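Student: Attaching a predicted model along with its sequence, questions to come.
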Amino acid sequence: MSKYYITTAIPYANDNPHIGHAILFLYADVMARYQRILGKEVYFLIGTDEHGQKMLKAAKEHGVPVADYCSAKSAVFQNLADQWNITNDDFIRTTEKRHMDAAQKFWQEAEASGDIYKKKYSGLYCVGCEAYKTEKDLVDGKCPDHQKEPEILEEENYFFRLSKYQEPLELLFAQHPEFVYPQNRYNEMLNILKNGLEDISVSRATDKLTWGIPVPGDDSQVMYVWFDALTNYITALGYGSKNDKLFKKYWPADAHVIGKEINRFHSLLWSAMLMSAGVELPKMIAAHGWITIDGQKMSKSIGNVIDPLKMSSDYPVDAVRYFFMRELPFDSDGDYSEDKFIARYNGDLANGIGNLTNRILVMIEKYCAGTVPKVKNVDHSLIDFLKNEIWPAYEEGMGKFRFDRAMETVWKYITHCDQKISDSQPWAMAKAGKTEEVNDLLYHLAESLRQIAVMIWPVMPETAEKIITQLGLDTAEEFAKPLEELKNWVELTVGKNIQTPEPLFPRLE
Ligand SMILES: [Zn+2]
């Protein structure tokens, strides 16, 4: 069985999650679920990043010990994953011993390669970013992300010889154009690479930062964010420990799903770190765009931050998952507004899939005594359309993180089925006593519904399972079948007794 290892960036848990964190988890979850449908053995990792100055500051503001603060915040992220039906296999926290030990081991490997050295450094430091800035990073002397002038900081730190990996990275980019996905993000990284890479500071003096992983052999320094956080992707698998079964099995990762703002740290720095430590590189860095709220950047000062936990308690979680995956193309930014959400909900869900499911089930109840009929005459127009156009377009979209396109394709088929019903008027056929024609049509519609359920499962698992159950099938049994069987016109539904139809998505006013 082929394997698939997928991870998300680990959110910095100094505050409660916002909608961007939920969307990050969601992108990876949809891909993880899709890979499971394809029959792969999937391992899916998420977690929280918990060290650093901002964490200490937040804990102090709340008057609690920093370790307790981390645990409380991390638990909110874990709850978010549960509420949004994220199917992660593991959740790593960077304050866990398993992570800290392995991150130290990784450091030692890089050090053994001669890539870590000590240097006095003076620079412009933005506390908000926890990063040194160069003059060209600043706009009017301020960090553009935090609208603050950076502090001048002088200290002795360990540096990572990133510049040494200039050529190996150029080679990687030339040989593997698929390494950074999508294309626009690859181009952005290639431009940064072409400008030349400088060595990067990877530790902080403990008088400045005491909440971190100690540098091996030097208690006066702790690891700085990236050498700590990035290694989670392998420490969670047991890298560097006696129990490295998962690491041997699943590494290299098939995809690191991240936001575009941290692409350079993954595509360039993490790659160089892995080369230095002699660890294989991941196959793909998949960087998604940002979300705006009513056309504006989401920010605390504007007061338009969306709480994903509130959203999933106000609305069915499947509707929320569907909205974001349908509305946000992976390669660009997308926008949320409540009006857009309600329009999609009523249009695509209540009137779309909800109505179609209900129509079909009600007709089976009425014209076939609640049992999916056998087929006599195969409707090739419907079968060929699904097989030759819908499934290939769906699979193309799903495989490329273009869940928006995949869902658009499914809805094309939903519209097609609705049209089929309106055109053939089964109620008139029934009235005229054309039982065979009615049976043939309802068989095709029941089968269509079953295939629609399979296609939407990665995005809307609860809805998919409800449809399968309403068709009289067993969800566990169905989803255990290989995709080749699920997507064929087999008589899976024939003879099944459907359940009393129940509306999937009652309209929102
Ligand atoms: Zn900043």
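Tutor: Right, received. Where do you want to start?

Student: any idea how far the helix or strand of the chain with the lowest mean pLDDT is from the chain center?
Tutor: In the chain, the helix or strand scored least confidently by mean pLDDT, DSSP states H and E is strand 131-133, which has a mean of 81. Per C-alpha atoms, centre = their mean, to the nearest Å, the displacement of strand 131-133 from the mean C-alpha position of its chain is 28 Å.

Student: Stretch 416-435 now?
Tutor: On the basis of C-alpha atoms, centre = their mean, stretch 416-435 sits 41 Å off its chain's mean C-alpha point.

Student: returning to what we had before: which helix or strand lies directly C-terminal to the least confident helix or strand of the chain?
Tutor: Note on strand 131-133: by DSSP states H and E, the next helix or strand toward the C-terminus is strand 151-160.

Student: what distance separates that next one from the middle of the whole chain?
Tutor: In terms of C-alpha atoms, centre = their mean, the centre of strand 151-160 is found 34 Å from the chain centre.

Student: for the record, mean pLDDT for it?
Tutor: The average pLDDT for strand 151-160 rounds to 90.

Student: in its sheet, what does it sit against?
Tutor: Next to strand 151-160 in the sheet, as set by DSSP bridges, lie strand 116-126 (antiparallel), strand 200-201 (antiparallel).

Student: for the stretch 101-250 of the chain, which spans come out with low pLDDT?
Tutor: By pLDDT under 70, the weakly predicted segments of the stretch 101-250 of the chain are 208-209.

Student: Identify each buried residue in stretch 265-283, please.
Tutor: 265-277, 279, 281-283 (16 or more other C-beta atoms under 10 Å). C-beta coordinates here come from the backbone N, C-alpha and C atoms, glycine included.

Student: hang on, I meant stretch 289-298
Tutor: 289-291, 293, 298.

Student: now swap in stretch 365-378 and tell me
Tutor: Result for stretch 365-378 [16+ other C-beta under 10 Å]: buried residues 365, 367-368, 370-373, 375.

Student: How about stretch 21-41?
Tutor: Within stretch 21-41, the residues scored as buried using 16+ other C-beta under 10 Å are 21-38, 40.

Student: now, which of these lie within strands?
Tutor: When the buried residues of stretch 21-41 are checked against strands (DSSP state E), there are no matches.

Student: So which of those are in helices?
Tutor: Those of the buried residues of stretch 21-41 mapping onto helices are 21-37, per DSSP state H.

Student: before we move on, the earlier item: just the buried residues of stretch 289-298: which are in strands?
Tutor: When DSSP E is applied, those are split such that 291, 293 fall in strands.

Student: From the buried residues of stretch 289-298, which one has the minimum pLDDT?
Tutor: M298 (87).

Student: Next up, the contacts around that residue.
Tutor: Residues in contact with M298 (C-beta atoms under 8 Å, 6 or more residues apart in numbering) are 18-20, 291-292, 304-306.

Student: mind putting those residues in JSON lines, distance to D418 included?
Tutor: Formatted as JSON lines, the contacts of M298 follow (distance: C-beta to C-beta, whole Å):
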{"residue": "H18", "distance to D418": "37"}
{"residue": "I19", "distance to D418": "32"}
{"residue": "G20", "distance to D418": "35"}
{"residue": "I291", "distance to D418": "31"}
{"residue": "T292", "distance to D418": "33"}
{"residue": "N304", "distance to D418": "36"}
{"residue": "V305", "distance to D418": "38"}
{"residue": "I306", "distance to D418": "32"}
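
Student: Please name the strands paired to the least confident helix or strand of the chain in the sheet, noting orientation.
Tutor: Taking DSSP bridges as the criterion, strand 131-133 pairs within the sheet with strand 116-126 (antiparallel).

Student: Buried residues of the helix or strand containing A81, list them for me.
Tutor: Assessed by DSSP H and E, A81 sits inside helix 66-83. For helix 66-83, a neighbour-count test (16+ other C-beta under 10 Å) marks 66, 69-71, 73-74, 77-78, 80-81, 83 as buried.

Student: I am finished for the moment; much appreciated.
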